[in-house]
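> the following comprises the amino acid sequence and a computationally predicted model.
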Amino acid sequence: MIDRRLLLSAATLLIASAAPAFAQSAPPAPADNDQIAADFNKDSVTVGIGGAYLPDYDGSNEYRFVPAPAAIGSVKGFNFSVIGNRASIDLIPNRPGQSIDLQFGPIGVINFDRSSIKNIDDVRVRALGKRSTALELGGYIGIGKTGVITSPYDKISVSVSYRKGVTGAHNSGIWQPSFTYLTPLSRKAAVGILASAQHVGQGYADTYFSITPTQSLASGLPTYAARSGWKNYSVGGFATYSLTGNLLHGVKVVAGGTYSRSLGDFSYAPIVRIAGSPNQWLGAVGLAYTF
């Protein structure tokens, strides 16, 4: 099963592996500048695979290992990503030499949370029954700035996305603001930090966090009526190091982790407060290759 937590782990891996675009902090010799500029402006694709250690479900205190695949690329200045169960494309092309990156495009997510209860260890949560797989479609806007703090190649990005369930699983809207900062340490290494939060609608709250009287009898958990609002926030960090050549080409190792905290009604839901925990941790490590 690939779910929201796998998405986050894969996103951590791929954001780290995306760092090559900003990984030239040491001043190059004049002869190197032309080559770096040429490499920077070429089409490229990065693919990654790793392992992630993450909760069984959104709010669980039981953890397991899963694979974490992902891919990102840039073709003719158009950036795209396929990360776990999420896909997006930036419809505003980047031009050589620009320092401001305007972002706008569609996004799609397949939400597998609790759609396979065999991967959930807690018998009470399993007794609540599985959820239908949700397809969530929407879009995002954002802006990035290169050359802001540590070098001409570090980058800050902020964005906000909105998506809505369209297959009947929850038919709810989800707002997600995000922040990312990348900085190179050398031509071989880069690090970064990220933060995000999610605001969900009533349909989402009922589907994944409310407990009906019938479900209460089956599980032993008390009834609960969750309300729409801010579901959680997440903060994390990541690092990448080139094993062959530099971060613009070849194989690199990537690693990252996040901490998430459930908020409001969601933190008091029985599947979180009684069967799980409002504090969620995630770690991932793997390899990526840039073509």
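It's in.
> pLDDT weak spots in this structure?
By pLDDT under 70, the weakly predicted segments of the chain are 1-41.
> quick one: the strands in it, in order.
Ranges of strands within the chain are 44-55, 63-75, 78-83, 86-89, 100-111, 134-146, 155-165, 173-184, 189-200, 229-242, 250-262, 279-290, based on DSSP state E.
> buried ones in the first one, by neighbour count?
Taking 16 or more other C-beta atoms under 10 Å as the basis for neighbour counts, the residues of strand 44-55 that come out buried are S44, T46, V47, G48, G50, A52, Y53, L54, P55. Quick note: C-beta positions are derived from backbone N, CA and C, even for glycine.
> show me the beta-bridge partners of A189.
Counting by DSSP bridges, A189 is bridged to Y241.
> sorry, back to before: among the buried residues of strand 44-55, which one lies nearest to A127?
P55 (18.2 Å; C-beta to C-beta).
> okay, how far is it across stretch 68-88, tip to tip?
Counting by C-alpha to C-alpha, to the nearest Å, you get 17 Å between the two ends of stretch 68-88.
> centre of the chain versus it, how much separation?
Here stretch 68-88 is found 12 Å from its chain centre; the criterion is C-alpha atoms, centre = their mean, to the nearest Å.
> related to what we said a few turns ago, format the strands of the chain as TSV; extra columns: distance to I211.
Formatted as TSV, the strands of the chain follow (distance: least, C-beta to C-beta, whole Å):
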stretch	distance to I211
strand 44-55	19
strand 63-75	23
strand 78-83	31
strand 86-89	28
strand 100-111	19
strand 134-146	19
strand 155-165	20
strand 173-184	21
strand 189-200	17
strand 229-242	16
strand 250-262	15
strand 279-290	20
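> so which of these gets nearest V272?
Ranking the strands of the chain by proximity to V272 (C-beta to C-beta) places strand 250-262 first, at 5.4 Å.
> tell me what angle the closest one forms with strand 279-290.
160 degrees (axes from the mean of the first three to the mean of the last three C-alpha atoms, to 10 degrees).
> quick one: list the elements packing against strand 250-262.
On a contact count with 3 or more C-beta pairs under 8 Å, 6 or more residues apart in numbering; DSSP states H and E, strand 250-262 meets helix 4-17, strand 229-242, strand 279-290.
> using PDB, write out every CA atom in the last one.
Looking back up the chat, that one is strand 279-290. What follows is strand 279-290, C-alpha atoms only, in PDB (Å, rounded to 0.1, in the frame of the first residue of the first chain):
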ATOM      1  CA  ASN A 279       3.200  12.700  17.300                       C
ATOM      2  CA  GLN A 280       4.300  11.100  14.000                       C
ATOM      3  CA  TRP A 281       7.800  10.400  12.800                       C
ATOM      4  CA  LEU A 282       9.100   9.400   9.400                       C
ATOM      5  CA  GLY A 283      12.600   8.500   8.100                       C
ATOM      6  CA  ALA A 284      13.800   7.500   4.700                       C
ATOM      7  CA  VAL A 285      17.100   6.700   3.000                       C
ATOM      8  CA  GLY A 286      17.900   5.600  -0.500                       C
ATOM      9  CA  LEU A 287      19.700   6.100  -3.800                       C
ATOM     10  CA  ALA A 288      18.900   8.400  -6.700                       C
ATOM     11  CA  TYR A 289      20.400   8.700 -10.200                       C
ATOM     12  CA  THR A 290      20.400  11.900 -12.400                       C
END
